[in-house]
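Engineer: structure of the sequence below:
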Amino acid sequence: MLAEERQKRIEEYLLKTEFASLDELSEQLDVSVSTVRRDLAALEIRGILRRTHGGARLTQPKSDEFAFNVRDSHEFEEKEAIAKACAELVLPNQTVIMDAGTTVFHVARYLESKSLQVFTNSLPIANLLSATNRVETVVSGGVIYPRLGVLVGPLAVAAFSKIRSDLAIMGAGGLSMEGISNSHGLLIEIQRAMLGAARKVILCLDHTKFGRPSLSPLCDLDAIHVIVTDDQAPGDMVEALRGRGIEVILAGRS
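Structural biologist: A predicted model of the protein is given here:
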């Protein structure tokens, strides 16, 4: 594959994901990491992207569709109901991993009064919990990705690969009977490290995510222990998930 074609594919991939790691791009193009580095350098000179530690991000994202504040406004009442129900599952003195999803941020708001240790790569969650002395908050390393309010890259992955926790509270871009997926490829590697670090995994997502596979596969259903969703979730899928041995909690809006 010629350099021009590789660079075009890199640009097209970043238009979908906005950030990608070196390893991710190497796998997508089926070339070495060193080749990817040379292509990124060429694209950076042209102003297409900005290189970061372990990857690259688009300099001019297409829209604010995935920006944290915009995403947080979607299905707000459902997220609040899910957050309250999920928070009831968290016991004092537990160690909890929390990812950077907006629904998980709502959960964090209901954990401020509990004595916990929280590991997160979410800047909004870290900022929220820093105001309470009941929660010890540990923030992963990584590259700051401002539009999502998240730390990404190899340092973030390494941070979660080295810990063990009682719980992981996570979000997702989509859920089907084939598995869990997410909208951003940059989050997949980190979320997989979170899954490997937790004894129990709670997935929080509203009804709009059911039956809607997202861009990047994350894990099989067997990796999830509990799903907390709202009472509009499709009944057939809820029963099918319970038949797979997953506890499904339906949270009603108050």
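Engineer: tell me the domain ranges of this protein?
Structural biologist: As assigned by automatic domain parsing, the chain contains the domains 3-58, 69-251.
Engineer: return the most buried member of those.
Structural biologist: Neighbour counts (mean count of other Cβ atoms under 10 Å) averaged over each of those peak at domain 69-251, with a mean of 19. Where C-beta positions appear, they are placed from N, C-alpha and C, glycine not excepted.
Engineer: OK, contacts around residue 5?
Structural biologist: Listed by Cβ atoms under 8 Å, 6 or more residues apart in numbering, residue 5 has no contact partners.
Engineer: wait, a strand at it?
Structural biologist: No. Assigned with DSSP: H, G, I helix; E, B strand; the rest coil, residue 5 falls outside any strand and is helix.
Engineer: how near is it to residue 126?
Structural biologist: Residue 5 sits at a distance of 41 Å from residue 126 (criterion: Cβ to Cβ, to the nearest Å).
Engineer: and the next helix or strand past the helix or strand of the chain with the lowest mean pLDDT?
Structural biologist: Ranking every helix and strand in the chain by mean pLDDT, DSSP states H and E puts helix 68-72 at the bottom, with a mean of 48. Using DSSP states H and E, the helix or strand that follows helix 68-72 in sequence is helix 76-87.
Engineer: whichever helix or strand comes after that next one packs against which elements?
Structural biologist: Counting by DSSP H and E, the next helix or strand C-terminal to helix 76-87 is strand 95-98. In terms of contact count using 3 or more Cβ pairs under 8 Å, 6 or more residues apart in numbering; DSSP states H and E, strand 95-98 is assigned the packing partners helix 102-109, strand 116-120, strand 165-170.
Engineer: how about a markdown table for these, with mean pLDDT added?
Structural biologist: Shown next, in a markdown table, are these (pLDDT from 0 to 100):
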| stretch | mean pLDDT |
| --- | --- |
| helix 102-109 | 92 |
| strand 116-120 | 97 |
| strand 165-170 | 97 |
